[in-house]
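Trainee: how would this look folded up:
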Amino acid sequence: FLRLQNHFGHPYAVPRMGGSQSWNTAASFVTNTNWQSYSGENALGYVVQMAGLAVQNFASAAVGIAVAIALVRGLARNRTDKLGNFWVDLTRICFRVLLPISIVFAVVFVGAGMIQNFHDYHSVTTIAGGSQTLPGGPFASQEVIKELGTNGGGMFNANSAHPFENPTAWTNWIEILLLLCIPFSLPRTFGNMVGDKRQGYAIVAVMAVLAILSTVLMVGFQTAHHGTVPTAVGAATEGTEQRFGVPDSAIFAAGTTLTSTGAVDSFHDSYTSLGGAVLLIDMMLGEVAPGGTGSGLYGILVLAVLSVFIAGLMVGRTPEYLGKKIGSREVKFASLYLLSTPMLVLVGTAVAMGLPGERAGMLNTGSHGFSEVLYAFTSAANNNGSAFAGISVNTTWYNTALGIVMLLGRFLPIVFVLGLAGSLARQRPVPASEGTLPTHRLLFVGLLTGVTLIVVALTYFPALALGPLAEGLR
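Mentor: Alright, predicted model coming up:
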């Protein structure tokens with residue numbers, strides 16, 4: 001589609017996308033990342049937006065949910081190799097969940113003033129007497145699946161800061177609701193499928209604790225920064241859309257990085273250094289609070305497996321989770337899952353910083369410039385798609401490298417998750433005993449929260465210390 005779009009010609013002529021950028025964009029939308037090294041209003045026509053990218057918005061979101069359900073079936077089923085039918089799961093998720101909700105909220109968005117048409121560009125005269133070109137487009141229908149599927153790729157370069165994609169303060173909150181609703185709902189599905197709703201409530205409690213902590217820190221850093229200008233005006237307002245203000249923008253930023261959405265209603269590169277660190281940490285957590293559609297649930301369940309393994313080591317007994325023994329095979333799958341994304345982030349960042357040509361593309365030097373590169377690879381490997389900007393990423397090297405990282409960051413963890421699911425499904429159930437760790441109580445909630453934070457701290461702290469922490473503590 002991207003290489004042939006110059007032949008479509010409706011509603012306006014757009015050039016075909018270059019080879020490396022086409023690769024990057026295709027990898028981005030197939031993996032639910034929606035990283036964009038282009039301006040959507042100039043680079044893409046309506047045919048590609050709707051028949052190409054929007055289709056991937058539905059499919060990639062459904063893939064994440066289908067993989068999460070496969071892992072839950074692995075925990076719920078016994079002595080079987082059957083984890084369900086992927087094609088059946090994919091079609092049911094698209095047609096029974098994503099499409100109905102998208103239709104309803106697309107109508108809501110149109111009623112709120114979001115644009116939905118197939119018009120060509122219009123030249124209008126501004127109040128000051130100048131000329132401005134305004135695009136038309138099917139924005140409402142694209143916007144709803146962009147948020148609901150935790151995709152994040154917008155039809156405008158300004159993304160959800162543009163009034164055609166996000167016209168009012170209350171549509172801003174609806175978008176936040178949409179990007180959170182499926183990830184926060186799936187733990188209840190998990191509880192129902194394993195026959196104990198308390199297990200789902202424990203998982204969602206961990207998600208909520210981490211999400212609330214992130215949101216409070218974000219709002220705090222953006223409204224009470226120690227910098228001279230932010231102190232003078234009462235908040236860090238640079239890069240913030242005036243219609244939403246600093247608190248609403250900070251909450252949106254926390255939500256979009258916690259859920260692998262990547263949509264933005266403000267400019268993340270303009271955030272305070274410690275505020276930017278929170279955004280990085282949100283993604284480095286593995287985006288499990290609540291994470292993307294499906295990917296958040298299977299990510300936190302892998303961490304739950306690791307948590308009960310650690311608890312088992314503490315008391316000297318074989319760890320169990322929902323009646324399944326967590327042995328060496330299960331721990332290997334969990335470890336490979338947890339190591340794959342940091343490897344991609346840190347190796348990618350190191351290579352980019354080690355190449356003189358790529359360092360020359362950095363508009364900022366020092367710790368902030370390093371943070372921008374670190375953010376790009378963190379966003380790509382965790383399939384988020386938001387950016388710090390400040391670096392020229394529309395180059396052959398960055399388009400190719402980030403495309404590879406996005407594909408590996410999506411599909412390698414899925415391979416390990418499905419391997420773990422198969423291993424669990426083949427086991428015989430183990431009856432609970434007095435030594436079994438209850439995984440529905442506050443003790444387990446605290447343990448899982450602590451393991452999640454410690455894994456991130458041990459893995460990424462040196463990189464964070466070189467980037468946003470060094471900048472913020474100067």
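Trainee: helix or strand with the lowest mean pLDDT in this structure?
Mentor: One helix or strand of the chain scores below all others by mean pLDDT, DSSP states H and E: helix 228-233, with a mean of 66.
Trainee: give me the number of residues near residue 432?
Mentor: 12 (other CB atoms under 10 Å). Placement of C-beta: from N, CA and C, glycine included.
Trainee: wait, residue 438 sits on residue 444?
Mentor: Yes. Here residue 438 reaches residue 444: they are 6.5 Å apart, a contact under CB atoms under 8 Å.
Trainee: so if I had to pick from those two, which one is more boxed in?
Mentor: residue 444 (22 against 11).
Trainee: leaving out sequence neighbours, find the closest residue to that one.
Mentor: Using CB to CB, 6 or more residues apart in numbering and skipping the chain neighbours, the partner closest in space to residue 444 is residue 202 (5.9 Å).
Trainee: that's a strand at that neighbour, yeah?
Mentor: No. Residue 202 is assigned helix when assessed by DSSP: H, G, I helix; E, B strand; the rest coil, not a strand.
Trainee: where does pLDDT dip in the chain?
Mentor: Under the criterion pLDDT under 70, the flagged ranges of the chain are 9-12, 226-234.
Trainee: residue closest to the middle of it?
Mentor: Nearest to the mean C-alpha position of the chain, by CA atoms, centre = their mean, lies residue 260 at 0.6 Å.
Trainee: ok so it is a strand residue?
Mentor: No. Assigned with three-state DSSP, residue 260 falls outside any strand and is coil.
Trainee: so who does it touch?
Mentor: Residue 260 makes contacts with 32, 150, 152, 283, 287, 291-292, 295-296, 382-385, as judged by CB atoms under 8 Å, 6 or more residues apart in numbering.
Trainee: and residue 133, which of the three is it?
Mentor: strand.
Trainee: for it, name its beta-bridge partners.
Mentor: residue 123 (DSSP bridges).
Trainee: what about it, how many neighbours?
Mentor: 9.
Trainee: again with residue 118
Mentor: Using other CB under 10 Å, residue 118 is surrounded by 11 other residues.
Trainee: circling back to that earlier point, nearest residue to the residue nearest to the centre of the chain in space, please, no chain neighbours.
Mentor: Nearest non-adjacent residue to residue 260 (CB to CB, 6+ apart): residue 292, at 3.5 Å.
Trainee: coming back round to it: quick check: ChimeraX command selecting the buried ones in the contacts of residue 260.
Mentor: Remark: buried members of the contacts of residue 260, expressed as a ChimeraX selection using 16 or more other CB atoms under 10 Å:
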select :32,150,152,283,287,291,292,295,296,382,383,384,385
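Trainee: could you pull out the helices for the stretch 251-400 of the chain?
Mentor: 273-284, 295-315, 328-354, 356-360, 366-381, 396-425 (DSSP state H, counting those that start in this stretch).
Trainee: which elements pack onto the longest one?
Mentor: Okay, so that is helix 396-425. With contacts taken as 3 or more CB pairs under 8 Å, 6 or more residues apart in numbering; DSSP states H and E, helix 396-425 sits against helix 19-30, helix 54-76, helix 295-315, helix 328-354, helix 356-360, helix 366-381.
Trainee: tabulate those helices (a markdown table), appending distance to residue 391.
Mentor: Listed next are the helices and strands packed on helix 396-425 as a markdown table, based on distance: least, CB to CB, whole Å:
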| stretch | distance to residue 391 |
| --- | --- |
| helix 19-30 | 14 |
| helix 54-76 | 25 |
| helix 295-315 | 26 |
| helix 328-354 | 9 |
| helix 356-360 | 8 |
| helix 366-381 | 5 |
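Trainee: which among the ones you listed is found nearest to residue 240?
Mentor: Closest to residue 240 of the helices and strands packed on helix 396-425 is helix 366-381 (CB to CB; 18.1 Å).
Trainee: the residue lying farthest from the centre of the chain and residue 3, how far apart?
Mentor: Distance from the C-alpha centroid of the chain, by CA atoms, centre = their mean, peaks at residue 129 (41.7 Å). Between residue 129 and residue 3 the computed distance is 41 Å (CB to CB, to the nearest Å).
Trainee: need the contact list for residue 115.
Mentor: 136-137, 139-140, 164.
Trainee: can I get those in a markdown table including secondary structure, distance to residue 146 and neighbour count?
Mentor: Formatted as a markdown table, the contacts of residue 115 follow (DSSP: H, G, I helix; E, B strand; the rest coil; distance: CB to CB, whole Å; neighbours: other CB atoms under 10 Å):
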| residue | secondary structure | distance to residue 146 | neighbour count |
| --- | --- | --- | --- |
| 136 | coil | 18 | 17 |
| 137 | coil | 13 | 26 |
| 139 | helix | 10 | 26 |
| 140 | helix | 11 | 25 |
| 164 | coil | 13 | 21 |
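Trainee: okay, these in JSON lines with distance to residue 418 next?
Mentor: JSON lines is the format used below for the contacts of residue 115 (distance: CB to CB, whole Å):
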{"residue": "136", "distance to residue 418": "43"}
{"residue": "137", "distance to residue 418": "38"}
{"residue": "139", "distance to residue 418": "36"}
{"residue": "140", "distance to residue 418": "36"}
{"residue": "164", "distance to residue 418": "40"}
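Trainee: which two of those have the greatest separation?
Mentor: 136 and 140 (11.8 Å).
Trainee: confirm for me that residue 303 is in contact with residue 453.
Mentor: No. If you go by CB under 8 Å, residue 303 and residue 453 don't touch, sitting 10.4 Å apart.
Trainee: all strands of the stretch 101-250 of the chain, in order?
Mentor: Assigned by DSSP state E, counting those that start in this stretch, the stretch 101-250 of the chain shows strands spanning 122-125, 131-134.
Trainee: right, and those - which one's nearest residue 42?
Mentor: strand 131-134 (10.2 Å).
Trainee: residue 197 is nearest to which of the strands of the stretch 101-250 of the chain?
Mentor: With CB to CB as the yardstick, what comes closest out of the strands of the stretch 101-250 of the chain is strand 131-134 (49.8 Å).
Trainee: same list (the strands of the stretch 101-250 of the chain) but as CSV, adding distance to residue 395.
Mentor: As requested, the strands of the stretch 101-250 of the chain are arranged in CSV below (distance: least, CB to CB, whole Å):
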stretch, distance to residue 395
strand 122-125, 32
strand 131-134, 27
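Trainee: what's the closest of the helices and strands packed on helix 396-425 to residue 253?
Mentor: Comparing the helices and strands packed on helix 396-425 by their distance to residue 253 (CB to CB), the top pick is helix 366-381, with 12.3 Å.
Trainee: mind listing what's buried in that closest one?
Mentor: So helix 366-381, judged by 16+ other CB under 10 Å, has buried residues 367-381.
Trainee: with respect to residue 252, which of those is nearest?
Mentor: residue 379 (15.9 Å).
Trainee: for the closest residue to that closest one other than its chain neighbours, what are its contacts?
Mentor: In space, and not counting its chain neighbours, residue 379 is closest to residue 386: 5.6 Å by CB to CB, 6+ apart. By CB under 8 Å, 6+ apart, the contact set of residue 386 is 152, 256-257, 261-264, 268, 279, 379.
Trainee: mind running it again at 6 Å?
Mentor: The contact partners of residue 386, by CB atoms under 6 Å, 6 or more residues apart in numbering, come to 262, 264, 268, 379.
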